[in-house]
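Asks: sequence and predicted structure below; questions after.
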Amino acid sequence: MPHTHHSHNHSHPDLKGRNLIFSIFLNIVITVAQVIGGIISGSLSLLSDALHNFSDVLSLIISYIANRLSKKNASTNKTFGYKRAEIIAAFVNAGALIVVAIILIKEAIERFMHPQDVESSLVIWLSLLGIVANGLSVFLLKKDADSNMNMRSAYLHLLTDMLASFAVLIGGLLMAYFQMYWVDPLLTLAIALYLIYMGYDLLIDSTKVLMLFTPDTIKVKEIVAIINKIPSVKNVHHVHIWQLNEDEVHLEAHIDFNTDIKLSEFDIILEQIEEELYQNYGINHVNIQPEFGKCDSKNVIVQD
C-alpha cells in the first residue's frame, strides 16, 4: 500500500518546555501561599483558587512530560512513537478541570448553608499574587496554545486561574468594604461553572482524536467524490480518515481502477490525490491500496 506524507517543521521545542517548567514553579508558589492564606483567612474562594492552582501544577507536569515524550523517536514496537502523548495529556487535563469544578460546587453550596466571616485583607493580597503569576504564565504559553492541544489545555488551566484570581480580588474588596461575605461562595460557584465551560470543549475535542473520529472539518463524501472524478478510477471504498495528533491527519482507502494500470501510472495518480487532499483538507499522510477486479466490499465505510 503506497504511503506518502508531507512533513512539518516545528520550531522552538525547548522554549516550550522551559515555559512549562517556569509556569510549574510559579503555580507551586501560588498554591502554597493560597492554602496557607485560605486557612488563616477562612476564605473558601481563596482555598478553591488554591485547589485549582494545585490542579494546574499537576496538569502542567502532565503537559511537560507529554511534551517530552512526543519528541521521542519511533521504534519497531512503537511505530508511531509517542505522538499521542500530548492528546492524552489534553484529555486528562480537561477531565481534571471538570472534576475540580464539581468539588468546588459542593464546597460552595455548603458555605452558602453555613456562612463564615472572612479575613479579607489577606484574600486581596494573595489574589493579586495569583493574578500576576498566572498572568505571566498565560503570556508565556499563549503562542503555543494556538496550535497545540496539549499546550492549550495547560493554557486554559492558567487562564481560568488568572480569571478566578480576579474574581477573588473583587470578592475580597466587597468583603473588606461592605461585609458582603456571601460573595465568597458565590464567586466559588462562578469559578466552578466557568471551569466546566472551559474544559468541556477540550474534553470533547481530545476524545474525538483518541477515538479516531474523522475531524469535523473534513467531509468524507466530498473526498470520495473528488477521487472518483479521476478518469481511471472506478470506485473508492474502505475509507478511513483520522487525526493522529495536532500535526498529522491520515487517510487510507482502497481504489478500484477501470483497467489494470501500471505501477508508474498509479504513482502519477497518487501524487495528484495527495496534493489535492493536502492543499484542500490538510491531510498529510495518505495510504492508498490500488485494486483491479478484486472481490471485496465496495462500500465507502467498511466495519473492519
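Replies: Looks like it arrived, so ask away. Residues are numbered from 1 along each chain as shown.

Asks: lowest average confidence, helix or strand, in the chain?
Replies: Evaluated with mean pLDDT, DSSP states H and E, the helix-and-strand set of the chain has its lowest mean pLDDT in strand 3-5, which scores a mean of 55.

Asks: count the residues that sit near residue 303.
Replies: Other residues within reach of residue 303 by the criterion other C-beta atoms under 10 Å amount to 5. (Each C-beta comes from the backbone N, C-alpha and C, glycine too.)

Asks: now do residue 237
Replies: When neighbours are defined as other C-beta under 10 Å, residue 237 has 19 of them.

Asks: could you do the one 3 residues further on as well?
Replies: Counted by other C-beta under 10 Å, the residues lying close to residue 240 total 15.

Asks: beta-bridge partners for the nearest residue to it once chain neighbours are set aside, please?
Replies: Nearest in space to residue 240, with sequence neighbours left out and distances taken as C-beta to C-beta, 6 or more residues apart in numbering, is residue 252 at 4.9 Å. Residue 252 forms beta bridges with residue 240, residue 287, as assigned by DSSP bridges.

Asks: after the least confident helix or strand of the chain comes which helix or strand?
Replies: helix 13-41 (DSSP states H and E).

Asks: ok, residue 65 touching residue 86?
Replies: No. Using C-beta atoms under 8 Å, residue 65 is not in contact with residue 86; the gap is 9.8 Å.

Asks: give me the more crowded residue out of those two.
Replies: Neighbour tally, residue 65 and residue 86, criterion other C-beta under 10 Å: the higher count belongs to residue 86, 27 against 15.

Asks: how about the strands of the stretch 101-250 of the chain, start to end?
Replies: In the stretch 101-250 of the chain, strands defined by DSSP state E, counting those that start in this stretch lie at 233-243, 249-257, listed in chain order.

Asks: and residue 116, what's its pLDDT?
Replies: Per-residue confidence for residue 116 comes out at a pLDDT of 66.

Asks: pLDDT value on residue 242, please?
Replies: Looking at residue 242, its pLDDT stands at 96.

Asks: show me what contacts it?
Replies: Taking C-beta atoms under 8 Å, 6 or more residues apart in numbering as the definition of contact, the neighbours of residue 242 are 212-214, 249-250.

Asks: hmm, which of these are the buried ones?
Replies: Neighbour-count burial within the contacts of residue 242 applies to 214, 249-250; the criterion is 16 or more other C-beta atoms under 10 Å.

Asks: between those residues, which is nearest residue 22?
Replies: Nearest to residue 22 among these is residue 249, at 32.0 Å by C-beta to C-beta.

Asks: the closest residue to the closest one other than its chain neighbours and residue 298, how far apart?
Replies: Closest residue to residue 249 in three dimensions, ignoring its sequence neighbours and counting by C-beta to C-beta, 6+ apart: residue 283, at 4.8 Å. Distance of residue 283 to residue 298, computed by C-beta to C-beta, to the nearest Å: 22 Å.

Asks: same question, residue 86
Replies: Taking C-beta to C-beta as the criterion, residue 86 is separated from residue 298 by 37 Å.

Asks: could you tell me how many residues sit around residue 74?
Replies: For residue 74, the tally of surrounding residues (other C-beta under 10 Å) stands at 11.

Asks: what do you get for the one 3 residues further on?
Replies: With neighbours defined by other C-beta under 10 Å, the count for residue 77 comes to 5.

Asks: tell me which residues touch it, please.
Replies: Counting by C-beta under 8 Å, 6+ apart, there are no residues that residue 77 touches.

Asks: now the stretch 101-250 of the chain, which segments are flagged as low pLDDT?
Replies: For the stretch 101-250 of the chain, applying pLDDT under 70 flags the ranges 116-118.

Asks: which residues in it form helices?
Replies: Counting by DSSP state H, counting those that start in this stretch, the stretch 101-250 of the chain has these helices, from start to end: 120-145, 149-178, 183-210, 220-228.

Asks: now render these as TSV, adding distance to residue 91 and mean neighbour count.
Replies: Below are the helices of the stretch 101-250 of the chain laid out as TSV (distance: least, C-beta to C-beta, whole Å; neighbours: other C-beta atoms under 10 Å):
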stretch	distance to residue 91	mean neighbour count
helix 120-145	16	20
helix 149-178	8	23
helix 183-210	4	20
helix 220-228	24	15
